[in-house]
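K.L.:
build the 3D model from these lines:
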Amino acid sequence: MIVPDTIWQPNLANAGRAKYQALAQAIREGIATGQLEAGQKLPPVRDLAYRVSVTPGTVARAYKMLIDEGQLNAGVGRGTFVAEPKAEPVRSLPPTDRFFDPALDQEGQAHLLSPKMPDVGQTEMIRRLMRELADSTAPDMLLRYPTRETDLPARLAFANTLDPQHIGQFGLDDIIASHGGQNAILMILQSVLAGPTPVIAVDELSYGGFRSAGVLCRAEVVGIPWDEEGPEVAALEAAIKEHKVQVFCTSAEVCNPTVKQTTPARRAEIAALARTYRVHVIDDDCYRLMHTERGGPSYRALLPDLGWYLTSPSKSLTASLRLGFAVAPDGWAKSLIRTATFTSFGVTRIVTDLYAAMLNSPELDEVIARVKGRIRQDILAAKRILAGYEMRYSETVPFLWLDLPMGWRAGEFCQAAEASGVLIKSADDFALRDSRSVHAVRIAVNGLVSHASFVQAMERLRDLLDHPPERIAI
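P.N.:
I've put the predicted structure just below:
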């Protein structure tokens, strides 16, 4: 049973991917039919997640939706309850005490769920370059399908930013444009995976796009734990032997969400293992223009015939272009070009020419320096306000990883943070369903949220950290 003294039990078997919506609807129906009575306490997030076989993040999202609707209310340390009829959603702070910023939503919530770049000159630069390109581009070029010739200026501009010592020797023909970094991951998997039940490995806590791409390719996804040096070699070898892993997806420079960097020695060990078992390695370096402290050669440099390197300008300049680049290993460029052609015919010249113009603009270095400055400002503020708690961060990476103190579970902390007006991500959002529980959260730097509002958000999180809910051991 889900709630004491009631036989109500939601059935999410046919809920599809939007399970949080199905769970929210089941709770609404339970309230409407009287199975869930006003004032009745609902189970803790993790308990309900276990009982209905979903992630804690799914339950927290459903609870949050119903709290906003006024169907439920919640208090820090008390739990979540069915609200009285027509009750307004309970807020942990009165509206007059909630911070407001034009960049935030209508209720003043600080959206620190995903990193977003601040506007420090990019929009004006993009507007100017778009006008110049509109005036200078031949009309017939605005009517044609994209080709390898039309995206050549963008590939050349991108190639000029690459260090062969970091990614290995390459030619322009090895570079393939994609509709963002996520699209590059998907196209690589489509090009490499074989067989009716392919398997990929990902870091145990990792960017969810790896898992999503694997699912779209009908692949089983297995997680690889990390130690302080990077992915555990023994665990990866065991997964390769047991599951016949074909591709390992990782981020050697900046692991999202933990901010860890794989050491040069561990990269060499992983590369040797991949070479032995003929496993492809996708190395996602999406923070490359921001985080320039390289931890060693990329897997493409270490594995010339099996290592894939990819990146995009989304985490350094703007996410609106939806442009990314993959550098294929020796012998694989034609396969990836074929995949790109079959799926979309390539990236439109309107985008690739704009990207090339941006990278060749004399303003670029100053814009990137300003972006770094804003990220550093927020990260240092978080470091100061949350001092005393275990954190992992870099001043040029737009998020930090916070280990929660005893008394807090990740799902409950995120729910309490939302009630205080701060939206952050639980460790569960980065883990596979069968992974071990990690009581930590990722706090993203959202450049659309003012620094003053970010500081206030950190102060609210500090208050929650200092006052964990009381628990009674039985």
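
K.L.:
which helix is the longest one in the chain?
P.N.:
The helix that spans the most residues within the chain, counting by DSSP state H, is helix 364-385.

K.L.:
in terms of secondary structure, what does that one contact?
P.N.:
Applying 3 or more Cβ pairs under 8 Å, 6 or more residues apart in numbering; DSSP states H and E, we find helix 364-385 packed against strand 399-403, helix 451-466. (Each C-beta comes from the backbone N, C-alpha and C, glycine too.)

K.L.:
reformat the ones you listed as JSON lines; add mean neighbour count, mean pLDDT and distance to Arg144.
P.N.:
Rendered in JSON lines, the data for the helices and strands packed on helix 364-385 read as follows (neighbours: other Cβ atoms under 10 Å; pLDDT from 0 to 100; distance: least, Cβ to Cβ, whole Å):
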{"stretch": "strand 399-403", "mean neighbour count": "23", "mean pLDDT": "97", "distance to Arg144": "40"}
{"stretch": "helix 451-466", "mean neighbour count": "19", "mean pLDDT": "96", "distance to Arg144": "44"}
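
K.L.:
can I get those in a markdown table including distance to Leu321?
P.N.:
Converted to a markdown table, those look like this (distance: least, Cβ to Cβ, whole Å):
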| stretch | distance to Leu321 |
| --- | --- |
| strand 399-403 | 21 |
| helix 451-466 | 25 |
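
K.L.:
tell me which residue lies nearest the centroid of this structure.
P.N.:
In the chain, the C-alpha closest to the average C-alpha coordinate belongs to Tyr207, at a distance of 4.8 Å (Cα atoms, centre = their mean).

K.L.:
re the thing from before, need the contact partners of the longest helix of the chain.
P.N.:
Applying Cβ atoms under 8 Å, 6 or more residues apart in numbering, the set of residues contacting helix 364-385 from outside is 117-118, 120-122, 125, 289-290, 316-317, 358, 391, 393-398, 400, 443, 445, 447, 451, 454-455, 458-459, 461-462.

K.L.:
can you say which of the residues you listed are buried?
P.N.:
Taking 16 or more other Cβ atoms under 10 Å as the criterion, what is buried in those is 117-118, 120, 122, 125, 289-290, 316-317, 358, 391, 393-398, 400, 443, 445, 447, 454-455, 458, 461-462.

K.L.:
just these: which are in helices?
P.N.:
122, 125, 358, 454-455, 458, 461-462.

K.L.:
now for these, which pair is the farthest apart?
P.N.:
The most widely separated members of those are Met358 and Arg462, with 38.2 Å between them, by Cβ to Cβ.

K.L.:
my guess is Leu323 meets Pro313, correct?
P.N.:
Yes: counting by Cβ atoms under 8 Å, a contact exists between Leu323 and Pro313, whose distance comes to 6.6 Å.

K.L.:
what do the two both touch?
P.N.:
Each of Tyr355 lies in contact with both Leu323 and Pro313 under the rule Cβ under 8 Å, 6+ apart.

K.L.:
show the pLDDT at the residue nearest to the centre of the chain.
P.N.:
The pLDDT attached to Tyr207 in the predicted structure is 90.

K.L.:
got the domain boundaries for the protein?
P.N.:
For the chain, the structural domains run 19-90, 96-121+364-466, 122-359, going by automatic domain parsing.

K.L.:
among those, which comes closest to Pro10?
P.N.:
Ranking the domains of the chain by proximity to Pro10 (Cβ to Cβ) places domain 19-90 first, at 3.2 Å.

K.L.:
next one: the closest one to chain centre, how far?
P.N.:
Counting by Cα atoms, centre = their mean, to the nearest Å, domain 19-90 is centred 26 Å from the centre of its parent chain.

K.L.:
same deal with stretch 377-386?
P.N.:
When distances are taken as Cα atoms, centre = their mean, stretch 377-386 is centred 21 Å away from the chain's centroid.

K.L.:
avg pLDDT for that stretch?
P.N.:
98.

K.L.:
could you export that stretch as PDB, CA atoms only?
P.N.:
Only the C-alpha atoms of stretch 377-386 are listed here, as PDB (Å, rounded to 0.1, in the frame of the first residue of the first chain):
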ATOM      1  CA  GLN A 377      31.700  35.100  -9.700                       C
ATOM      2  CA  ASP A 378      28.800  32.700  -9.000                       C
ATOM      3  CA  ILE A 379      31.100  29.700  -8.200                       C
ATOM      4  CA  LEU A 380      33.100  31.700  -5.700                       C
ATOM      5  CA  ALA A 381      30.000  33.000  -4.000                       C
ATOM      6  CA  ALA A 382      28.700  29.400  -3.600                       C
ATOM      7  CA  LYS A 383      32.100  28.400  -2.300                       C
ATOM      8  CA  ARG A 384      31.900  31.100   0.300                       C
ATOM      9  CA  ILE A 385      28.300  30.700   1.400                       C
ATOM     10  CA  LEU A 386      28.400  26.900   1.500                       C
END
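
K.L.:
still on that earlier bit, can you put the domains of the chain in CSV and add distance to Pro10?
P.N.:
Conversion of the domains of the chain to CSV gives the following (distance: least, Cβ to Cβ, whole Å):
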stretch, distance to Pro10
domain 19-90, 3
domain 96-121+364-466, 18
domain 122-359, 24
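
K.L.:
quickly, which of those domains bottoms out on average pLDDT?
P.N.:
Out of the domains of the chain, the stretch the model trusts least by mean pLDDT is domain 19-90, with a mean of 81.

K.L.:
in three-state terms, label Leu321 for me.
P.N.:
The three-state label given to Leu321 by DSSP: H, G, I helix; E, B strand; the rest coil is coil.

K.L.:
and for it, the neighbour number?
P.N.:
Other residues near Leu321 come to 21 when the count uses other Cβ atoms under 10 Å.

K.L.:
contacting residues around it?
P.N.:
The contact partners of Leu321, taken as Cβ under 8 Å, 6+ apart, are 313-314, 351, 354-355.

K.L.:
max pairwise distance over those residues: which two?
P.N.:
Looking at the contacts of Leu321 by Cβ to Cβ, the two members farthest from one another are Ser314 and Leu354, with 14.2 Å of separation.
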